[in-house]
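[1] Predicted coordinates and the sequence they were generated for:
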Amino acid sequence: MAIFDVFNIAGSAMNAQTIRLNTVASNMANADSVSGSPEETYRARHAVFSAMMNEVGNAQTGGGVKVEGIIESEAEPLVRYEPNHPLADAQGRVYSPSISTVEEMSNMISASRTYQNNVEVFNTSKQLLLRTLNIGSN
């Protein structure tokens, strides 16, 4: 593991958590939206991550986080009977996304704290590297 790998690993984790926060924000913003058909209903989005591995001799070490993509939930939309709603279908139904704001808030807190932890890793590594460089100048 090279001395600067920690910056790449922490940076990739920060990038992944930024994408996670963006998908959570999108889900929260659309949690109360409605549509006139199940096909038009917003679907919750979730980021998918995987570990990037580095080959070091015969062993593998962590190399960061890779964002594999963003998937849409396959949960069926919630159906409400509101015949006076302007978006209601012919049967008087409106459709809303199946999004739990409690789960999304939990995801937001988790992503935010993980991002903060990686900022701390980044800053601590920077300070240690600077102190190591200063040892030789004394």
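    On my side now, so go ahead. Numbers count the residues shown, from 1 in each chain.
[2] which parts of the helix or strand where Gln116 lies are buried?
    Per DSSP states H and E, Gln116 falls inside helix 101-135. Buried residues in helix 101-135, counted by 16 or more other C-beta atoms under 10 Å: Glu104, Asn107, Met108, Ala111, Thr114, Tyr115, Asn118, Val121, Phe122, Ser125. Heads up, the C-betas are built off the backbone N, CA and C, glycines and all.
[3] again with stretch 20-28
    Buried residues in stretch 20-28 (16+ other C-beta under 10 Å): Arg20, Leu21, Thr23, Val24, Asn27, Met28.
[4] Can you pick out the most distant pair from these?
    Greatest spatial distance in these: Arg20 and Met28, 12.6 Å, computed using C-beta to C-beta.
[5] measure stretch 39-47 end to end?
    21 Å (C-alpha to C-alpha, to the nearest Å).
[6] Could you do stretch 27-47 as well?
    Start-to-end, stretch 27-47 (C-alpha to C-alpha) is 12 Å.
[7] Just give me how far it sits from the chain centre.
    Distance of stretch 27-47 from the chain centroid (C-alpha atoms, centre = their mean, to the nearest Å) equals 17 Å.
[8] Closest one to His46 out of the buried residues of helix 101-135, please.
    Asn107 (8.4 Å).
[9] Quick check: chain neighbours aside, which residue is closest to the closest one?
    Counting by C-beta to C-beta, 6 or more residues apart in numbering, Asn107 lies nearest to Val24, which is 4.9 Å off, once chain neighbours are set aside.
[10] On the three-state scheme, that neighbour is what?
    Following DSSP: H, G, I helix; E, B strand; the rest coil, the label given to Val24 is helix.
[11] Please renumber the chain so that the first residue is 209 from this point on.
    With the count now opening at 209, the last piece we talked about shows up as Val232.
[12] right, and it touches Ser320 too?
    No. Counting by C-beta atoms under 8 Å, Val232 does not reach Ser320; the two are 9.3 Å apart.
[13] I'd like to know how many residues surround Ser308.
    By other C-beta atoms under 10 Å, the residues close to Ser308 number 13.
[14] Per-residue confidence at it, what does it come out as?
    Note for Ser308: predicted pLDDT of 94.
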